[in-house]
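Trainee: quick check, what structure comes out for this input:
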Amino acid sequence: MTPVVGITAYVEPARWGVWDTRAVLVPAGYVRMVREAGALPVVLPPSPDDAADLIRRLDGLVLAGGADIEPAHYGAPAHPLTKTRPDRDSGELAVLAAALDADLPVLGVCRGMELLAVACGGTLIQHLPDVLGNERHQPAPGVYGAHPARFAPGSRAAEIFGAVAEVNSYHHQAVDDPGTLTVTGWADDDVIEAVELPARRFVLGVQWHPEEAADVRPFAALVRAIPG
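Mentor: Residues are numbered from 1 along each chain as shown. This is a model prediction of the structure:
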């Protein structure tokens, strides 16, 4: 049977046709990439109460990008520019915990990679320009940055992307301490770009947005890791 991959979703104000209301949504690139990878995509609204039951019905999980994670989850005060969505935090942390317990294949994208780090005991840099002195990873509203990333030899990231790849980015935060994750990718300014959990079947986080670049490779790797 075709595997089913859940994609965590936003709950945001949205407008279409005559409607102006809150909606459960996710950028179409995630859905398209999961389909192209050979799986059935299912959009998951934030819901911490049914995480374990939900994970039993899925074969894989994609943690989508989005707003910042509440810094209290990693023991830090909030930066003035940190903007959070507590509903996503509670729902996604519960779903991720259940997925890790079940050894479900997981791919984290941007915020999803940061969520992996927080769930694994790590911490985040809340505003990269404070550290780097520039905004190259998020040049302007709605504008993706572009830069090279290098990957650790022998890592799953290197297996998927090669030794070096040009990546797109749209984030003002980044992983600082990866916790129990292994760092396997770095930008040319040493910002962490990829993390893995080698003890699990497949847990990979990428800081950039392969779904916007129509790069199906990490999604295909997720699907390949699902038991046949």
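Trainee: from now on I want contacts and neighbour counts done on CA atoms only, so please keep to that.
Mentor: Will do.
Trainee: past the biggest helix by length in the chain, which element shows up next along the chain?
Mentor: Determined from DSSP state H, the single longest helix within the chain is helix 86-101. Sequence-wise, the next helix or strand downstream of helix 86-101 (DSSP states H and E) is strand 106-109.
Trainee: the following helix or strand past that following strand to helix 86-101, inter-axis angle?
Mentor: Beyond strand 106-109 on the C-terminal side, the first helix or strand identified by DSSP H and E is helix 111-119. Going by axes from the mean of the first three to the mean of the last three C-alpha atoms, to 10 degrees, helix 111-119 is angled at 70 degrees with respect to helix 86-101.
Trainee: the residue of the chain most remote from its centre and residue 28, how far apart?
Mentor: Most distant residue from the mean C-alpha position of the chain: residue 18, 32.2 Å away (C-alpha atoms, centre = their mean). Distance of residue 18 to residue 28, computed by C-alpha to C-alpha, to the nearest Å: 21 Å.
Trainee: who does whichever strand or helix holds residue 184 pair with, and is each partner parallel or antiparallel?
Mentor: Using DSSP H and E, residue 184 sits in strand 182-187. Strand 182-187 sits in its sheet next to strand 145-151 (antiparallel), strand 192-196 (antiparallel), going by DSSP bridges.
Trainee: send the alpha carbons of the helix or strand that the longest one is followed by over as CSV?
Mentor: Which is strand 145-151. The helix or strand immediately downstream of strand 145-151 is helix 156-161, counting by DSSP H and E. Extracted in CSV, the C-alpha atoms of helix 156-161 (Å, rounded to 0.1, in the frame of the first residue of the first chain):
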residue,chain,number,x,y,z
ARG,A,156,22.7,10.9,5.6
ALA,A,157,22.7,14.6,4.5
ALA,A,158,25.8,14.0,2.3
GLU,A,159,24.2,10.9,0.9
ILE,A,160,21.1,12.9,-0.1
PHE,A,161,22.7,16.3,-1.2
